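Visitor: next input, structure requested:
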Amino acid sequence: MGKIKIIQTRSVIDRPLIQKKTIEALGLGRPNWEKVHNDTPQVRGMIRKVSHLIKVEEIK
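Guide: Have a look, this model is predicted:
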């Protein structure tokens with residue numbers, strides 16, 4: 001199972017509540033915060049929901 005680094009690039013101000021909760025569930029909260037997660041289908045689904053707010057990098 002691989003790892004992915006998620007970096008928040010945009011703020012959640014004026015975003016729908018579901019997007020705010022998804023960012024919070026990913027362990028983010030402010031622009032330029034980053035978090036490493038296991039590459040699972042659940043995390044990939046959350047990434048798709050907020051892909052316009054984050055940047056994703058795969059870690060080898």
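Visitor: helix or strand: which one has residue 37?
Guide: Following DSSP states H and E, one finds residue 37 within strand 34-38.
Visitor: need the residues that contact the helix or strand just after that strand.
Guide: Following strand 34-38 in sequence order, the next helix or strand is helix 41-49 (DSSP H and E). The contact list for helix 41-49 (C-beta atoms under 8 Å, 6 or more residues apart in numbering) reads 4, 6, 18, 19, 22, 25, 26, 37, 54, 56. In short, each C-beta sits where N, CA and C put it, glycine included.
Visitor: redo that, cut-off 7 Å
Guide: Residues from elsewhere that reach helix 41-49, judged by C-beta atoms under 7 Å, 6 or more residues apart in numbering: 6, 19, 22, 25, 26, 37, 54, 56.
Visitor: next one: that helix to chain centre, how far?
Guide: From the chain centre to the centre of helix 41-49 is a distance of 8 Å (C-alpha atoms, centre = their mean, to the nearest Å).
Visitor: any buried residues in whatever helix or strand comes next after that helix, and which?
Guide: Heading C-terminal from helix 41-49, the first helix or strand you meet, by DSSP H and E, is strand 54-59. Buried residues in strand 54-59, counted by 16 or more other C-beta atoms under 10 Å: residue 54.
Visitor: strand 54-59 pairs with which strands, and in what direction?
Guide: Sheet pairing for strand 54-59, assigned by DSSP bridges, gives strand 3-8 (antiparallel).
Visitor: strand 34-38 and the partner strand, what's the angle between them?
Guide: 150 degrees (axes from the mean of the first three to the mean of the last three C-alpha atoms, to 10 degrees).
Visitor: what is the rounded mean pLDDT of strand 3-8?
Guide: Here strand 3-8 scores 98 as its mean pLDDT.
Visitor: so it versus helix 41-49, what angle?
Guide: Computed by the same axes, to 10 degrees, the angle between strand 3-8 and helix 41-49 is 30 degrees.
Visitor: need the pLDDT of residue 60.
Guide: For residue 60, pLDDT reads 84.
Visitor: if we can go back for a sec, farthest pair in the contacts of helix 41-49?
Guide: Farthest apart among the contacts of helix 41-49 by C-beta to C-beta are 19 and 37. That separation is 17.4 Å.
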